[in-house]
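Trainee: Predicted model follows, preceded by the sequence.
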Amino acid sequence: MLEKMFKLREHNTTVKTEVLAGITTFMTMAYILAVNPSILSATGMDHGAVFTATVLASFLGTVCMALFANYPFALAPGMGLNAYFAYTVVIGMGYPWEAALAAVFVEGIIFILLSFFNVREAIFNSIPANLKKAVSVGIGFFIAFIGLQNAKIVVGGATLVELFSLEGVPGASMTDAGITVILAILGVLITSVLVIKDIKGNILWGILITWGLGIACQFAGLYVPNPELGFYNLLPDFSSGLAIPSIAPIFAKLNFTAIPFGEFIVIVLAFLFVDMFDTLGTLIGVASKADMLDENGRLPKIKGALMADAVATTAGAVLGTSTTTTFVESASGVSEGGRTGLTAMTTAILFALSLLLSPIFLAIPSFATAPALIVVGFYMVNQVGLIDFTDFTEGIPAFICMSAMPFFYSISEGISMGVISYVVLHLFAGKEKAKSVSPVMYVLAVMFLAKYFLL
């Protein structure tokens, strides 16, 4: 049955490999189950209800990815998009969260139409091969940077970012921030050794071993939870039982009249731009890593993948959460050998189970998942050797694209900068170069420029 549904032999994979990859993907993105409710509850939304909405949106979106496209990609409410929802639209602009959900819903409907009429697919196929590889590399740097931040190996400082020190984190001590930084570094080394030894499930084992070392440190008194700084008990807490929080306080609470029409359109476009190109960037980067692109640099069945993303965003808004999108952490499962929708289905099932076992999943600390992100970053950066830097009209935009993602903390900004610079440099490089650029790339460049001036 699984062979017939997911075509495992055709993709040179096995049930064991796919399930392990799905578990790994879930482990590296389970943090969203804690982070998303924390962010959205700042708007006044019920914390428990947002947790349930996050789980359901992630489950639905990831199942759609498995069934619509048979790809090993997982979906969940996107980081950055949830912050824009909470801190810009609701807290910054003063609009109710019900109105922000309405904007996300409209964005999802637009995405469904764009996906149905192959507009998003045309955009994906028009991005040049070198730029696609640069997206993969940029995402590698980006998620490695996220891992370094999650582990607090890199912190803010006088030079914007700097290496962790106790003086650089107010209130920190060796029994909270200090020991977790050491554990994260050990986790990177342990995971790297497992990779070198070609141990199956190396990234997942790296997460579990690092978490286990943390628990041992807590028992030994070397790690002391400090919730005020974000360092929590590493042991699962079942004190509240296995009750599933009700979704009723936020379900279908869309308000289409609270925001003036003009402002509403601007907010929808902002969600639209970021989500569209975060998703395209993730699909390009992770698919490149998995060798899923064809000889023309196109992703087969991308229409199904994009439709899954659009349906999940629309349904997620009704459930009560911000934009649901394809997660770059899917790269961790791909690195474990995941190649089909069985990987995604495994991740989806774990999301569903997390409704009952949330104390276990939420107990996995960021310092344990951070090494996985850093090592996956390494996996994705190796695409850099495939980029043609000898042609400056190709190499410079690729460099700008891959640099912008970590520096601007945004996949979509990296794509924007890459596309604009690619078109501009080809325009000034002569008629032949200018003719080689597809019309869609010119349209994208104009749209990106308009975004910077108008949004």
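Mentor: Great, that's in hand.
Trainee: Okay, buried residues for the lengthiest helix in the chain please.
Mentor: Secondary structure assigned by DSSP state H gives helix 261-289 as the longest helix of the chain. Within helix 261-289, the residues scored as buried using 16 or more other Cβ atoms under 10 Å are 264, 267-289. For glycine as for every other residue, the C-beta is placed from the backbone atoms N, C-alpha and C.
Trainee: Give me the distance between it and the centre of its chain.
Mentor: 12 Å (Cα atoms, centre = their mean, to the nearest Å).
Trainee: give me the low-pLDDT residue ranges for the stretch 51-200 of the chain?
Mentor: Residue ranges of the stretch 51-200 of the chain with pLDDT under 70: 80, 168.
Trainee: now the helices for it?
Mentor: For the stretch 51-200 of the chain, the helices defined by DSSP state H, counting those that start in this stretch occupy 81-83, 97-116, 119-126, 129-150, 179-196.
Trainee: Output the contacting helices and strands for the shortest one.
Mentor: Contact partners of helix 81-83 among helices and strands, from 3 or more Cβ pairs under 8 Å, 6 or more residues apart in numbering; DSSP states H and E: helix 32-40, helix 261-289.
Trainee: quick one: which of those is nearest Leu386?
Mentor: Comparison of the helices and strands packed on helix 81-83 against Leu386 by Cβ to Cβ identifies helix 261-289 as nearest, at 8.7 Å.
Trainee: Going along the chain from that closest one, find the next helix or strand for me.
Mentor: helix 302-319 (DSSP states H and E).
Trainee: What residue spans form the domains of this structure?
Mentor: Following automatic domain parsing, one finds the domains of the chain at 2-234+259-385, 386-454.
Trainee: Just give the closest residue to Tyr232, not the sequence neighbours.
Mentor: Leaving aside its chain neighbours, Tyr232 sits nearest to Pro225 (5.5 Å; criterion: Cβ to Cβ, 6 or more residues apart in numbering).
Trainee: Could you list the residues in contact with the helix or strand containing Ile396?
Mentor: Ile396 belongs to helix 392-408 when assigned by DSSP H and E. Contacting residues not belonging to helix 392-408 are listed as 128, 130-131, 133-135, 137-139, 141-142, 144-145, 281, 384, 387-389, 410-411, 413-419, 421-422, 425-426, 429, 433 [Cβ atoms under 8 Å, 6 or more residues apart in numbering].
Trainee: Now the buried members of the residues you listed.
Mentor: Using 16+ other Cβ under 10 Å, the buried ones in the contacts of helix 392-408 are 128, 130-131, 133-135, 137-139, 141-142, 144-145, 281, 384, 387, 410-411, 413-419, 421-422, 425-426.
Trainee: low-scoring stretches of the stretch 251-400 of the chain, by residue?
Mentor: Checking the stretch 251-400 of the chain against pLDDT under 70 turns up 361-362.
Trainee: Centroid-nearest residue for the protein?
Mentor: Closest residue to the average C-alpha location of the chain: Phe327 at 3.1 Å, with Cα atoms, centre = their mean.
Trainee: what's the spacing between it and Thr279?
Mentor: Taking Cβ to Cβ, to the nearest Å as the measure, Phe327 falls 10 Å from Thr279.
Trainee: Check Ser246 too.
Mentor: Taking Cβ to Cβ, one finds Ser246 at 30 Å from Thr279.
Trainee: returning to that earlier point: ok, and which of the domains of the chain has the densest surroundings?
Mentor: domain 2-234+259-385 (a mean of 21; mean count of other Cβ atoms under 10 Å).
Trainee: any idea how far Ala317 is from Ala172?
Mentor: With Cβ to Cβ as the criterion, Ala172 and Ala317 are 38 Å apart.
Trainee: ok, now Phe116?
Mentor: 18 Å.
Trainee: what sits against Ile39?
Mentor: Asn82, Ala83, Phe85, Ala86, Tyr87.
Trainee: again, but for Val106
Mentor: Phe264, Val268.
Trainee: now the one 5 residues further on
Mentor: Neighbour list for Phe111: Arg120, Leu272, Asp275, Met276, Leu306, Asp309, Ala310, Thr313, Thr314 [criterion: Cβ under 8 Å, 6+ apart].
Trainee: Pick the one among the residues you listed closest to Glu162.
Mentor: Using Cβ to Cβ, the contacts of Phe111 come closest to Glu162 at Asp275, 32.0 Å.
Trainee: Excluding chain neighbours, what is closest to that closest one?
Mentor: Thr323 is the one closest to Asp275 (Cβ to Cβ, 6+ apart), at 5.0 Å.
Trainee: now swap in His11 and tell me
Mentor: Arg339 (4.2 Å).
Trainee: Out of the helices and strands packed on helix 81-83, which gets nearest to Phe51?
Mentor: It is, among the helices and strands packed on helix 81-83 and with distance given as Cβ to Cβ, helix 32-40, at 4.5 Å.
Trainee: angle of that closest one against helix 97-116?
Mentor: 130 degrees (axes from the mean of the first three to the mean of the last three Cα atoms, to 10 degrees).
Trainee: For helix 32-40, what is the distance to the chain centroid?
Mentor: With Cα atoms, centre = their mean, you get 14 Å for helix 32-40.
Trainee: Quick one: mean pLDDT for it?
Mentor: The average pLDDT within helix 32-40 is 83.
Trainee: would you put the C-alpha positions of it in PDB?
Mentor: Extracted C-alpha coordinates of helix 32-40, given in PDB (Å, rounded to 0.1, in the frame of the first residue of the first chain):
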ATOM      1  CA  ILE A  32       7.000  26.000  16.400                       C
ATOM      2  CA  LEU A  33       4.500  24.300  18.800                       C
ATOM      3  CA  ALA A  34       5.900  26.400  21.600                       C
ATOM      4  CA  VAL A  35       7.000  29.500  19.800                       C
ATOM      5  CA  ASN A  36       3.900  30.200  17.700                       C
ATOM      6  CA  PRO A  37       1.400  30.300  20.700                       C
ATOM      7  CA  SER A  38       3.900  32.500  22.500                       C
ATOM      8  CA  ILE A  39       4.000  35.000  19.700                       C
ATOM      9  CA  LEU A  40       0.400  35.100  18.800                       C
END
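Trainee: All set now, cheers.
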